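K.L.:
please work out how this folds:
(2 chains)
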Amino acid sequence: MIYDIRHVTTYSYESPVSFARCTLRLEPKSGDGQELISHSVEIRPRPSDRTARRDFFGILTESVVIEVAHRNLRIDSKSRVSVSRKPPARDASSPPWESIRDIALEATSLGPASPVGYVFASPLVPVLRPVTAYAAASFAPGGGILAAAVDLMHRIRTEFRYDAKATVISTPLKEVFDNRHGVCQDFAHVMIAGLRGLGLPAAYVSGYLRTIPPAGQPRLQGADATHAWVSLWCGADLGWIGFDPTNDLLIANDHIELAIGRDFSDVSPVDGIIVGSPKQKLGVAVDVVLVE
Amino acid sequence: MGAGATEGSGQTGRARLGQRRLAQWVRDYSRLPGIPDEFLGPDGAPRAVWNRFFDAFGALAPDEIERRFAMADRHLREAGVTYRAPGDSADRPWSLSHLPLLIDEADWQQLSAGIKQRAELLELVLRDIYGEGRLVAEGALPAAAIAGSPEYLRPVCGVPPPGGRYLSIYAADVGRGPDGRWWVLGDRTQAPSGAGYALENRLVLSRAFSDLYKSMNVPRVAPFFEAFRDSLRGSADRDEPRIGVLTPGTFSETYFEHATLARYLGFLLVEGDDLAVSDNRIHIRTVAGLKRLDVLLRRVDSNFLDPLELDASSRLGVPGLIDVLRKDGVVVANMPGSGVLEARALLGFLPALSRRLLGEDLKMPHIATWWCGQKSARDEVLSRLDEVAIEGAYDRFVPGFPSNGPVLASELDASQRQRLIDAIGDRGLDYVGQEVVRLSTMPVWERGQLTPRPFVLRVFAAATPDGWAIMPGGFCRIAEQPDARAVSMGDGARAADVWVVSNKQVSTATLLPATDKVRIRRVAGVLPSRAADNLFWLGRYLERAEATLRLVRALGSPSGPNKGTSATVQSSERIQRLLVAWGAISQASRATPARITAEALQSAERFGSALSLVRAAQRTATSLRERLSPDAWQVITEMAERLAYEVEDDDSILSAAELTLQELASFAGLAQENMNRAAGWRFLDIGRRVERAINTTRFARQFAYDEAGDEDLDILLTLVDCQITYRSRYLLAPVLAPVRDLAVLDTYNPRSVAFQVATLNEHIAALPSLKEYGLIERPERLAVAVQAMLATAEAEKLEVKSLFALEQDLLSLADAIGSHYFPHGPNASRPEKLTGLA
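P.N.:
From the prediction side, this is the model:
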């Protein structure tokens, strides 16, 4: 399937901003069942400096400096991506989860794909005993990793309430967990914390969902904004498998991956600092259209 | 004690006394059973170096010993050496044990060789893990032992360190084990602290015991700092590099040390807010605009260095710093990410890494450590749980346990113990087990006796073009509890100086280096805006305190308005109104006149009281520590102490005010006589002049109003310190026009408004200009205008109205100076984070 993605971020400031230094991670990734066909980002006002590099996780990272006074910043990202993924069945057989924990530690690489980078606490995902205990209920001794993780994902979907107003980026994981509510990013972080608490390698994925669902299917939660889910390393044979706890789905062809990191802080699509206005209004619009 | 010494000669007598007292100290020294000791050997006799030391020390009369200890303490207090424990709101005085730790030179050589080797090894390991990654790829190092550290910084992977190396300074905590060898307890590769405190300890102790210090042939620490400084200079890519010590600020535990190092090494003390990224370089905001900074010696932990790429909530760093590193635009020492090697998880692998990378065995053992991320080690730890200490594998926290130090299974109850076992079973990779080693003790002086105490010694190594240089000595911390490994400078811990003792005379080159460059303390070439801002306010606070004190004096002096006549009741009203407007007393307090002077002098609640103003000056001075002389600092501290000391009767209030005024004068004298006539001095003086001009104008408006009588004019003359001048000129009772002229317009009177404004104009003209278009700048425009007004005014026509206008102009001038030279100060344009996306 081929998608056209439009991702527009706008900031409006109360008073003029004289300087901005931004980091953009807006290029959808290539690989793991998807190919990037084209990508462009337009920024207004025009930056005085714009350089791109691949960061540690392989994400195209643009550093942008804007030095003209402005009250509005608009970042317009357009991408075309083809997706072709075959997820395993939810009840497919898989290795016992404890073995994954041990194998992950045998990795002989510190690179971005090495599971060893994803078993530890990260800036936004602490390892907390209650969260680990919550996850452990899905992981019976000797259970297959896939089925156990599907069960955990299902429990988060049914036991947590989706509430776009309940949390912000800085809401700590513990609060999300205690209150059992949040948005896609929170659900992903909770699931990751539970998996890592058990010693399992879990990554954070930012991305998009198709806006109009296939005929006869319900529109998914998070389809009009950027979305987030979890990637779990399930052993050398299965590799990394995507779990969407917000929608209780294994990732297939309705999800488009933008970037993968340890948590949101590694993949934040637009980040930066400005000089001039403490008051700001953020708008994000995402449109994902099926081309063919 | 030569055999032929004459009985009774003074020298021999004292030496005998020394030996007798040493014998007594040895008898009273209660060694901890089974623990080795520095002072006494296994045979119970003092070791040679200590014998030499105590021979001389014991020959000092008991009261002489106490006198010298007191002298050392006084030096520390006067130099304002402080430390702030985590959670403290105020600095605590430095606690120095009065006896140094002595280390025999041969012993020291071995220790040094071990530290040098270790520093080199760690540098090579860093190069590999942030570079090629062969150690992990070839199985010499488990990936998880690195990946688990919060100090493994992914944004700098593959970024070669500007300047060529990861570690510029390295420190190891060491202790002596039961086998008599020195053991490494931990590595400090991030931003090791303690070198500056070691320097202060040495300064103080070598002064208090200068004869003893010289006779023991102790090598000096100055050449070490010199080598370190030269090496940092050499790492920059231009000849006269600008170097900054990056501090988290005055709230840091070790801020004092940052200031000490900056001053001693001749570097600028900077905070993240002082720095800005421009043209792929780091710049410092100065009163003369942005200036390039070449090298940063950082005392800020890596993760806080750049909110754009590291901890986004950090307010301590510089947005864009990591990108500048990527572009080779600044040297940061140590390279961000170096702290990864502090992880205990790595310790067990270092012996093999040493053979692999250096081709030799480690010269110094470290404390046996098992990383529970590996099954065999985990099993080992679980099987010997009561014999090991459990520590966090990556930082000082033990995950899941609140303690800030090792967890000892033997001290846990059954449920806690099971929790520990489960935690190690579930996530063993977060834990290490460490052998519990009984480290040696050293003597401390307590109530005339020697008492053994455990200690940890921190040894410093600096990278130089000729290899690693070791500081001869180090930073020694003495524990009050039996386990030395938990020692931090927290509760009750003492520090000690460390003397390496040589049998030979220390070479004169070391004792008196031909060019002791480090000791030259020249004002650094540029003045950061923040420092200028603080100097400006220091000047203003002190001047305002002076004005308040003068009002207190005028109110309470026997010749002042308290005489009780009706006219003076009116004058007293005026003074009180000024004090209320100033925030020195509350309106309500005016009902009880007896308390007014005390309140204006020392109320901690009133922001305008003399005490509050001096404290504000003290806080401001704290962030200028590297720029103020110890004398100046001491004067401010003494004023704050005096004003805080509660006084009751009028006489003591007046004498406190009087003494504080004298100290203010001596501070002004110190500034005038001792400060370099660089921009810093100018800003201190600008603050003082602006404040004095404003206050004098206000006084003139209050007491030289259009119908003022001679009582009020008399008070004005007292307030502006012009009684003598006036009387010598006019030989008559105060008359309005001459008094106004003297207080406001007379440029020959150093306390007049006109004199302050003329001085302000000189300062402003001498300061760097920021504008490129040849236009006159706002502070200069305002100052010139005020000066012209004063020059052309006539005393007879100087009405209250025009005095009020003058006061407003002066306030605008003060604001204009602030926004012109300190644009990041009160008129902050500090960067804000963009709102993140949900």
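K.L.:
skipping adjacent residues, who's closest to B:Pro528 in space?
P.N.:
B:Asp274 (4.9 Å; CB to CB, 6 or more residues apart in numbering or on different chains). For glycine as for every other residue, the C-beta is placed from the backbone atoms N, C-alpha and C.
K.L.:
do the same with A:Cys22
P.N.:
Nearest to A:Cys22 is A:Gly272, by CB to CB, 6+ apart, at 3.4 Å.
K.L.:
give the contact list for the one you found.
P.N.:
Listed by CB atoms under 8 Å, 6 or more residues apart in numbering or on different chains, the contact set of A:Gly272 reads A:20-23, A:64, B:308, B:833-834.
K.L.:
can I get the residues you listed in a markdown table with pLDDT, distance to B:Glu762 and neighbour count?
P.N.:
Formatted as a markdown table, the contacts of A:Gly272 follow (pLDDT from 0 to 100; distance: CB to CB, whole Å; neighbours: other CB atoms under 10 Å in any protein chain shown):
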| residue | pLDDT | distance to B:Glu762 | neighbour count |
| --- | --- | --- | --- |
| A:Ala20 | 90 | 41 | 25 |
| A:Arg21 | 91 | 40 | 23 |
| A:Cys22 | 92 | 45 | 23 |
| A:Thr23 | 92 | 47 | 21 |
| A:Val64 | 94 | 46 | 21 |
| B:Leu308 | 90 | 43 | 25 |
| B:Lys833 | 69 | 43 | 17 |
| B:Leu834 | 70 | 45 | 23 |
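K.L.:
determine which two of these are furthest apart.
P.N.:
A:Val64 and B:Lys833 (15.3 Å; CB to CB).
K.L.:
can I see the domain layout of chain A?
P.N.:
A:2-83+A:268-290, A:97-267 (automatic domain parsing).
K.L.:
buried deepest among those domains, which one?
P.N.:
Highest mean neighbour count among the domains of chain A (mean count of other CB atoms under 10 Å in any protein chain shown): domain A:97-267, with a mean of 20.
K.L.:
quick one on the thing from earlier: sitting in strands, which of the contacts of A:Gly272 do you find?
P.N.:
A:20-23, A:64, B:833 (DSSP state E).
K.L.:
and which of those is nearest to A:Gly111?
P.N.:
A:Thr23 (21.4 Å).
K.L.:
sorry, back to before: ok, which of the domains of chain A comes nearest B:Trp50?
P.N.:
Within those, the stretch nearest B:Trp50 is domain A:97-267; the backing value is 47.4 Å (CB to CB).
K.L.:
ok now the closest one, how far from the chain's centre?
P.N.:
Domain A:97-267 sits 9 Å away from the centroid of its parent chain (CA atoms, centre = their mean, to the nearest Å).
K.L.:
quick check: end-to-end length of that domain?
P.N.:
Across domain A:97-267, the terminal residues are separated by 27 Å (CA to CA, to the nearest Å).
K.L.:
again with stretch A:246-255
P.N.:
End-to-end for stretch A:246-255, by CA to CA: 12 Å.
K.L.:
so that stretch, near chain B or not?
P.N.:
No: residues of stretch A:246-255 are not located near chain B by CB under 8 Å from any CB of the partner chain, the shortest gap being 12.2 Å.
K.L.:
and that stretch, what's its mean pLDDT?
P.N.:
Regarding stretch A:246-255, the rounded mean pLDDT is 93.
K.L.:
likewise stretch B:753-763?
P.N.:
Averaging pLDDT residue by residue across stretch B:753-763 gives 96.
K.L.:
next secondary structure element downstream of the least confident helix or strand in chain B by mean pLDDT?
P.N.:
The helix or strand of chain B with the poorest confidence is helix B:508-511; it has a mean of 41 (mean pLDDT, DSSP states H and E). Next in sequence after helix B:508-511, counting helices and strands by DSSP states H and E, comes helix B:529-556.
K.L.:
helices or strands up against that following helix?
P.N.:
strand B:281-286, helix B:566-582, helix B:593-602, helix B:610-622, helix B:650-674, helix B:679-703, helix B:710-719, helix B:800-821 (3 or more CB pairs under 8 Å, 6 or more residues apart in numbering or on different chains; DSSP states H and E).
K.L.:
these: which one's closest to B:Pro319?
P.N.:
Here strand B:281-286 is closest among the helices and strands packed on helix B:529-556 (CB to CB), at 11.2 Å.
K.L.:
pull the distance from the closest one to the chain's centre.
P.N.:
With CA atoms, centre = their mean, you get 22 Å for strand B:281-286.
K.L.:
just the mean pLDDT for it, thanks.
P.N.:
Throughout strand B:281-286, pLDDT has a mean value of 92.
K.L.:
okay, the angle between it and helix B:529-556?
P.N.:
20 degrees (axes from the mean of the first three to the mean of the last three CA atoms, to 10 degrees).
K.L.:
grab the nearest non-local neighbour of A:Tyr208.
P.N.:
Going by CB to CB, 6+ apart, A:Tyr208 has A:Ile256 as its nearest residue, at 4.5 Å.
K.L.:
and that neighbour, what element?
P.N.:
strand A:255-261.
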